[in-house]
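Novice: let's see this in three dimensions:
(chains A and B)
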2 protein chains.
Amino acid sequence: MELRHDQLETFDRDGYLFFPGLFSAEEMRVLVDEVPRLYAQRRPENVREKGSEAVRTNFAAHMYSRPFARLARHPRMVRPAVQIFGEPVYMHQFKVNGKMAFDGDVWQWHQDYGTWLNDDLMPEARAMNVAIFLDEVNEFNGPLMFIPGSHKLGVLDAEHDVATTSYPLWTINHDTIAKLVERGGLVAPKGPVGSMILFHSCLVHASTSNLSPWNRVSVYLSLCAVSNHIRRFKRPEYIAHRDFTPIECLPDDCLLKDYDVALPWQDGTPAAALQPLLASLSEEKGPAARRRPKAAREA
Amino acid sequence: MELRHDQLETFDRDGYLFFPGLFSAEEMRVLVDEVPRLYAQRRPENVREKGSEAVRTNFAAHMYSRPFARLARHPRMVRPAVQIFGEPVYMHQFKVNGKMAFDGDVWQWHQDYGTWLNDDLMPEARAMNVAIFLDEVNEFNGPLMFIPGSHKLGVLDAEHDVATTSYPLWTINHDTIAKLVERGGLVAPKGPVGSMILFHSCLVHASTSNLSPWNRVSVYLSLCAVSNHIRRFKRPEYIAHRDFTPIECLPDDCLLKDYDVALPWQDGTPAAALQPLLASLSEEKGPAARRRPKAAREA
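Specialist: Okay, the predicted model is just below:
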C-alpha cells in the first residue's frame, strides 16, 4: 500500500482519498461479527445515542478486542498515513461508529482537528482519519458528507456543542458552512463493505441521521505523527490515547490469520484511563481555543 | 396532462410517479419568491421546527396567498388525480414543507392515509399527494424516501408519535419497515426545481434531516375524491379542510398569468377553522385506529 503521486496530489487538493472495496468481504466479516459483542458490553467506551440503547460510538476496541487490535496494525490503513507524514504514527483515537439502522443520529459539521486541538492540545494538524466501511454505505444510511478543499483553511472557529447529540463536539456555524460549500460543493463517498476513506483532520464533514433499516458501522483510526503527540490529557485515555509508541504493522493478511496481539484492557479499563488529567504543560499556553498553530493554518 | 396507460401501471405497481422538471423555473419563481413572506407570518398555519424559528410546515397557503391559490388549481397537478379516481377531487390538505437548510428535521416513516384515517375518518385511501419541488432536491438536502410497492398493503399499524418532531404523526414501527424494504427496496427521487411527484396515500415514506446549506421546500397538494370526504372534524380546518367543493382547474399557464382567485383567509384564519369539532357521526363507530376500511386493505 503505497500512495501514487497523483493520489497524493488529489489528497492535497480535496482533503480525502476514497478506495472502494479495498478490503474483501471475507476480511471484513471477522470485524462485522465482533461488533454486536462489542456493543453489548457495559463499559464506558460505549457511548449510546440520546434516548436509545443503540451505540453511537465505541472507543478503543483495539485495546480489548482481538480482531480490532489486528485492524489497528493493518498496513493498508497505517502505511498511507506514515507516507504522508514522513514519520511513524501512533493511535490517537480508535472508534467504531454505529450509525445504526433507524437510531443513528446526526453528526453536525465539524473538523476532527478542531476537537484534538481544543481538547487535547495536539500541536499541528499532522493527524488523519482512516475509515473503513463494515457495512455498505449508500444514499439512505447517512453517509459521511465532505466539503472538498475545506481542509485548506486550517482550523475554523467552532462552538462546543453539548446539546445536539450524546457526544460533545466542536461544531462550525452555518454561515461558514454555506460559504465553504459554495466554494467546494459537497461529496458523500458511497461504496461496498471494505471501502476505505482517508481524510485530512481539518476536512469539514458531517452526516445525517440513518432512518434506513441498514446499519452503517464504520471504523475510524485517527493516526497522529509521533512527534505531534497531544500535550494535554484532559479527556479520558480511552478517547484520546497517551501511549505515543509508533504503530508496528502486521502483515497484509492480518485479518485472515491469527497473529498475536496484546489486549491490555481485556479485563476492563484501567482506572487511570478513565480519568481526565491536566498536564501542567498545557496550562502554560493559555486557552486552547485561541491557539492557531502555523501548520493548521496552512494545512 | 393525461397519464398514459404505462404510467398508470407503474403507479399501480410502485405507488408513485416522478416527473423531473415538469414545471419551468420561471413558473416556480413566482412561488419561490412568495415563500419567505409566507414563512415570516405569525399565524397558526406556520408550524416551526422544535427549538428553531425555521418553518417545518406551512398549511393552507392557498387560502391566503395568490400564487399558491393558483397552484392549487393547476391542471398539471389536479388532473392526474381526477383521472386516477375517476371523479372530481377536493383539497383535503395543502402544505408548503420547509426542510430548511441546516434546520430541516426528519419525518419518520409513515403513510399519509394512516393519519387521514385515524384523525379525520377519511373512509378509503382514495386521496393522494401531488408534490412539486420549489428547490432542487439532491442527495444532501433530505429527499423523500419511498418504499416502492408498500401502498399495496393498505393501512399498516402505526403509533401516534408526538415526541420526535414538532408535528404529530402516526408512524410505523421498525420491524415492519425492515420487512417492507427487504421486499421493495428504497428510492429517493431527486431532480431540478419544478419536478413533480404523485404518490399513493398508503405509500410508506420518510425523510432525513437536512444538514446541507440548501433549502428543500416542496408543496404538497393532498387531493381527495369528493365522495370520499372526511367524516370527522377533529383537527383544525387549516390542517384538514371541510370544504368538499370539487376543484375547478385554471388554464395551464395559471402560474404565469394573473387569473383571479378567491382568498377567503387573506385577512386571517376564521375562528371556526382553528377549532377542532367532533362530528357526531364519527363517535358512533368506535376508535378510528381500529377501523380498517376494505379499500385501504386492498389499495
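Novice: gap between the two ends of stretch A:7-25?
Specialist: Stretch A:7-25 has an end-to-end distance of 24 Å (CA to CA, to the nearest Å).
Novice: how far is it from where the chain is centred?
Specialist: For stretch A:7-25, the distance between its averaged C-alpha position and the chain's averaged C-alpha position is 15 Å (CA atoms, centre = their mean, to the nearest Å).
Novice: can you check stretch A:78-86 too?
Specialist: 16 Å.
Novice: pLDDT on it, on average?
Specialist: Regarding stretch A:78-86, the rounded mean pLDDT is 98.
Novice: what comes up buried for that stretch?
Specialist: By neighbour count, with 16 or more other CB atoms under 10 Å in any protein chain shown as the criterion, the buried positions of stretch A:78-86 are A:78, A:79, A:80, A:81, A:82, A:84, A:85. For every residue, glycine as well, the C-beta is placed using N, CA and C.
Novice: output the residues you listed as CSV; include the columns secondary structure.
Specialist: Conversion of the buried residues of stretch A:78-86 to CSV gives the following (DSSP: H, G, I helix; E, B strand; the rest coil):
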residue, secondary structure
A:78, helix
A:79, helix
A:80, helix
A:81, helix
A:82, helix
A:84, helix
A:85, helix
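Novice: near chain B too, which of those?
Specialist: Counting by CB under 8 Å from any CB of the partner chain, nothing from the buried residues of stretch A:78-86 sits close to chain B.
Novice: let me know the closest of these to residue A:45.
Specialist: Of all these, the one with the least separation from residue A:45 (CB to CB) is residue A:78, at 21.4 Å.
Novice: measure that closest one to chain B for me?
Specialist: The span separating residue A:78 from chain B equals 31 Å under the rule CB to the nearest CB, to the nearest Å.
Novice: so that residue touches residue A:250, yeah?
Specialist: No: using CB atoms under 8 Å, residue A:78 makes no contact with residue A:250, being 9.4 Å away.
Novice: returning to what we had before: please identify which of the buried residues of stretch A:78-86 is nearest to residue A:11.
Specialist: Minimum separation from residue A:11 among those (CB to CB) is found for residue A:84, which lies at 7.1 Å.
Novice: for the closest one, list the residues it contacts.
Specialist: Going by CB atoms under 8 Å, 6 or more residues apart in numbering or on different chains, residue A:84 touches A:3, A:8, A:11, A:128.
Novice: got the confidence number for residue A:159?
Specialist: In this model, residue A:159 carries a pLDDT of 82.
Novice: now for it, how many residues are close by?
Specialist: For residue A:159, the neighbour count with other CB atoms under 10 Å in any protein chain shown is 12.
Novice: enumerate every residue touching the closest residue to it other than its chain neighbours.
Specialist: Once flanking residues are discounted, residue A:159 sits nearest to residue A:171: 6.0 Å by CB to CB, 6 or more residues apart in numbering or on different chains. Residue A:171 makes contacts with A:108, A:109, A:110, A:158, A:159, A:160, A:161, A:164, as judged by CB under 8 Å, 6+ apart.
Novice: check contacts around the last one.
Specialist: Just to be clear, that refers to residue A:164. Contacts of residue A:164 were listed using CB under 8 Å, 6+ apart, and they are A:106, A:108, A:171.
Novice: so it sits in a strand?
Specialist: No: Residue A:164 sits outside any strand when classified using three-state DSSP, being coil.
Novice: now it. Its backbone dihedrals?
Specialist: According to degrees, to the nearest 10, the main-chain angles of residue A:164 amount to phi -60, psi -50.
Novice: just the buried ones from the contacts of residue A:171, in ChimeraX syntax?
Specialist: Buried subset of the contacts of residue A:171, written as a ChimeraX selection, criterion 16+ other CB under 10 Å:
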select /A:108,109,110,158,161
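Novice: make JSON lines out of the contacts of residue A:171 and add distance to residue A:43.
Specialist: Compiled in JSON lines, those are given as follows (distance: CB to CB, whole Å):
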{"residue": "A:108", "distance to residue A:43": "26"}
{"residue": "A:109", "distance to residue A:43": "30"}
{"residue": "A:110", "distance to residue A:43": "25"}
{"residue": "A:158", "distance to residue A:43": "29"}
{"residue": "A:159", "distance to residue A:43": "30"}
{"residue": "A:160", "distance to residue A:43": "25"}
{"residue": "A:161", "distance to residue A:43": "25"}
{"residue": "A:164", "distance to residue A:43": "24"}
